[in-house]
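Chemist: Predicted model, plus sequence, below.
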Amino acid sequence: MSLDVSNHPPADTSSLKQALADLLSDRPDTAKSGVPVVYSYPQPAPNSGLLSEPGQVKRTCEALLCGPSSPSLAQQYFSPEIIRLTPPLHVAEDELVWITSVDRAEQRVMYDASMCVLSGGDAEAKRLMAKAFKETLSLPQQQHLLTQLNQDPRMVYHTGLTPPKLPDLVEHNPLIAIEVLLKLMQSSQITEYFSVLVNMEMSLHSMEVVNRLTTAVELPSEFVHLYISNCISTCETIKDRYMQNRLVRLVCVFLQSLIRNKIINVQELFIEVQAFCIEFSRIREAAALFRLLKQLDSGDTQATQEPAKK
Amino acid sequence: MAESKSGGEECPESPTTTEASNNSDATDTEREWAQAAQTQFTKGNYVAALTLLSYLQGTRPKDPKVLMNKAVVEYYKSDLKKTETFRKQLADICTQCGIKIDAVGTGDEVERSVIRFNHCVVLYHLHQYCAALALLEKMYTGLESLEESVGIGVCLLMAECHLGTYHPERALTIITHTETTFLPQPLPHTPSHKQPPSQEKENKSPEKISVSGGTGSSSSSSSSSSSSSSSSSTTSTAADEIRCSATQEQLRGKLQQLRVRALLMMRALRVAKKELKTIVTHAVTAGNSLNVTLISLKSQLEYLKGNFRKAIKVLNQCAAIPPPSPSYGPSLGVMYYNNLGVIHLGMGKPTVACLYLQKALQETQIGEESNSSAHSEVLSHQPLYQLSSNVQPELYYNLGVTLLHMNKPDKAFDFLLEVLQVHPMNPRLWLRLAECCITVHKLLHSRQLHVTTCDTQEALEMGLKEDQSSKRSIIQGTVGVGMHRKICLTTRITDHNKKKSEMHPESDAAFPEPTLEFARLCLRNALTILPENVSTTSLTDEQEVSGVMPELYPAGPSSPLRGVEVVSLRVSALACSAYVGLCLSDFSAALRHAELLLVAHPKIPDVYKLLGHLYAGEALISLGKVTEAIQHLDPRVVGEVSLSPPAQEASNTLPASTPSQGWLNTTATTAMQVMRYNLSVAYALRGEWEKANNLLKEVWTESNGNMPAQVIMLAMYINLQMGHVDIMKNIVKNNILLT
């Protein structure tokens, strides 16, 4: 404290400074940014207090160099501080769980009603029916299935037949399809089956089924009309000449039979059928159908009786 | 199912059929016993049914159907409480008879279908949906071969299981297929069109039923079954038809209800509304009051549309209806209070929401206390339907999220951690857990330092309120008196970064705590689970109506996430990851996440764009790359920001579960000030004092003298570095009011 330094020559610190600069040049900016925290800030109105001047100096030095804080105040530094925002809570739609009370008893443990009473017939019929969707059944199999269906009128509801599957059944087993449809006549599902039948791809089998149905029961006329329109448009659009001829013949025979059996009222379809006959007049059956139409047109009652006699 | 049995009880098989089929296995007496047993069972006389089944078991000890029915009746006799016993019995029967219950072979499926179905029913009620689905899936492929009632059961159960696993789109496929398979017509969208035939049938039905009933009673009185042969085939078909249509109506109702639930889960609101309207009008025309399920669905629809008041109104109808039968679950109280809580959080009232949710939780405990039992014995003492109605994970999740919004992260963390046991694959749950950790960290540090400058909200609001204490914190104090007085500045205003001493290097995975380290783990999981390359195109209304399925990603227990939500979740998770990285001094990870965040999606919300640049800038500064940091912190990079919550942009109809973010439009400028401040810091670190000072002056003047302590500190710092000690002292004088 009392050491007088004024007489000593100033020490050369340039090399020291140079060394420090070299050291700092390797450091990142953040590491070099600190500045001391202690600054002189004299009180405007000095209040000397009890201690003498040197005493105050000493006390201040002590507080700065060996105060209670660690590291001491003189060694502390501060550097610019980045403000770091906390991310906001994630915003989610419909995140919380809505609870709906439902009847748990809807999923209940089931009592097997088929115990002892299941004769095997049910399962057998079902198996055969499943097979009938995929392939043509053998004659005994068909017989078996039909007897089963005849024995139990309810069986038809349990064979697994649904409207979308009807086309497969018709294609593979038209006979069974006819029987099944006849049995389903009373069912509320029958319109659904009809609409499937009407809209399915036209074929010999489907025509056979419709033909048989028309003779067996009274079909709603709009279904029959729809089916005929469907047949005609199929004939018109088909590309294969051979197939076309075949189909046209089939349709003509089918129409003739419908007309003769008075299933359809020809007046309602007259223009459509006539156009069809003219378009395919090269085919013998179409010409015959055309003649039939003309006869009907000229003398109603007489004409209808005449072809029936033939 | 039961209704089909109850209907055709008197003549389940006409005797001619059974005789003709020549079933050598079952004798006539056995068949009589079987019929009587079934009758007793449907009447609920389980003891009588059991006696009869015991006779049957005596003569047919190895018939799996007899054994199973006996187990079923015993189970019903125990009020469906002895679930464990029942499961064991089923397993025993299977091993005895050489059936593999958990593997559907190619054998005679029809014969084994019911036992398998029952196994699945129990699995469903115990919430083991995936196990049940695996089995049901195989039965579903052979649906045609199954008995119709079993087939319908399989379909309904499958739809329920898909809803249970949060796959509404799969449930819808099943529902549609069920309709086409078991119902004659597509749904009656126009009830008027459908009504006449069914009414006609109903008109017919009474006499027909009385006829068949009469024959049935006479046959039982004369104690000979032969009389039923007299019933002509025509009447029996008609009766069958009637029974069919009645059960079909019932099935149609069930399917419609399931469909609405699936649609609401998918948030296909328009279609759901239409469908729900059909059911409600159907119920009203039939003169029935709405049941509790329908009220809940109706209220949910209003909630999802954002009509919170209306949703509450609808929900309150629950009080007006007769209490639902005990088989309904969860209980009315649980449902009511939970949904009220959900609605209130949507309205931005987390405190009220929390009250309701806690009440819902209490309601569940009331139910459980009535039959208090050890947890291990739950399977022997609680009725099956009560087990099935357990919604504890859902309630815990709701409570957790609500508590997080209430700024109570510790409690939220505990609740969400429980949910994690059940739903470990939910990325949003992992994110919420991380958010809990971050909030805990934030609160901890703000408490320690008595300043909350770095909270997003408060930092931005700092411009609005004078926080004297935060300014006082600029100086640690003074030393000495008079001429020798020194002021000591603080070293840091806030210290986000964890100090080495408080690091938890080995946070125990078995006992997670809400620490930043755990947050890092959570976020890593969330980002791993989140699917990549999701399509974010939302469906148009026409597509929705035409039944196009959006891509959905499960996030149980909540409704599944859509593509847009997955992206926003990823953005949030990346932002949190970057933040946690910075706090843990893992700067390169923070930088990586921030950069990923900025390229996560071409249209990320402005909030996250801003945060991404801020985090990237900070990470780069800490990594000593100040020049690169300056590029991120340039306000022109971000451009104009509008800091409205992203959900408001996404849709105006759906409720955002986050009520207030403090990200109001008015604070957009303040947020930009933070950015410029940080840029000023970057300049200062590079020693570009003039630039730094000019930028800071802008921030200073714009904030009208009310600025965070950091701004003052930086002003002092820059002036010190520029050698303007006087100015620094002036700043101290003017801002800290130190004399």
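Modeler: That came in fine, so what should we check first?

Chemist: Pull the contacting residues for the spatially most central residue of chain B.
Modeler: Geometric centre of chain B, nearest residue: B:S558, 1.4 Å, by CA atoms, centre = their mean. For B:S558, the contact set (CB atoms under 8 Å, 6 or more residues apart in numbering or on different chains) comprises A:92, A:94-97, B:166, B:397, B:426, B:428. Glycine gets a C-beta too; all of them are placed from N, C-alpha and C.

Chemist: Swap in 10 Å and give it another go.
Modeler: A:92-98, B:166, B:265, B:394, B:397-398, B:401, B:423, B:426, B:428-429, B:565, B:657 (CB atoms under 10 Å, 6 or more residues apart in numbering or on different chains).

Chemist: So which of those residues belong to helices?
Modeler: B:265, B:394, B:397-398, B:401, B:428-429, B:565 (DSSP state H).

Chemist: Reformat those residues as a markdown table; add distance to chain A.
Modeler: Below are the ones in helices among the contacts of B:S558 laid out as a markdown table (distance: CB to the nearest CB, whole Å):
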| residue | distance to chain A |
| --- | --- |
| B:M265 | 9 |
| B:E394 | 4 |
| B:Y397 | 6 |
| B:N398 | 5 |
| B:V401 | 6 |
| B:R428 | 6 |
| B:L429 | 10 |
| B:E565 | 7 |
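
Chemist: Could you export these as a markdown table, including distance to B:F415 and neighbour count?
Modeler: Converted to a markdown table, those look like this (distance: CB to CB, whole Å; neighbours: other CB atoms under 10 Å in any protein chain shown):
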| residue | distance to B:F415 | neighbour count |
| --- | --- | --- |
| B:M265 | 23 | 24 |
| B:E394 | 11 | 23 |
| B:Y397 | 7 | 29 |
| B:N398 | 9 | 32 |
| B:V401 | 9 | 33 |
| B:R428 | 15 | 24 |
| B:L429 | 11 | 27 |
| B:E565 | 22 | 26 |
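
Chemist: Just the buried positions in whichever strand or helix holds A:Q142, please.
Modeler: Using DSSP states H and E, the element containing A:Q142 is helix A:139-151. Of all the residues in helix A:139-151, those buried under the rule 16 or more other CB atoms under 10 Å in any protein chain shown are A:141-142, A:144-146, A:148-149, A:151.

Chemist: Can you give me the neighbour number for residue 75?
Modeler: Since no chain was named, I'll use chain A. By other CB atoms under 10 Å in any protein chain shown, the residues close to A:Q75 number 13.

Chemist: Chain B, not that one
Modeler: Neighbour tally, B:Y75, other CB under 10 Å: 23.

Chemist: just B:Q362 next, same as before
Modeler: 12.

Chemist: B:K43 now?
Modeler: So B:K43, with other CB under 10 Å, has 12 neighbours.

Chemist: Could you report the separation of it from chain A?
Modeler: With distances taken as CB to the nearest CB, to the nearest Å, B:K43 is found 12 Å from chain A.

Chemist: in terms of contact, does that residue touch B:V73 like I think?
Modeler: No. When contacts are counted by CB atoms under 10 Å, B:K43 is not listed as touching B:V73 (11.8 Å).

Chemist: anything in contact with each of these two?
Modeler: Common neighbours of B:K43 and B:V73 (CB under 10 Å, 6+ apart) are B:A49.

Chemist: For chain A, what is the nearest residue in the stretch 201-350 of chain B?
Modeler: In the stretch 201-350 of chain B, the residue that lies nearest chain A is B:S327 (3.6 Å; CB to the nearest CB).
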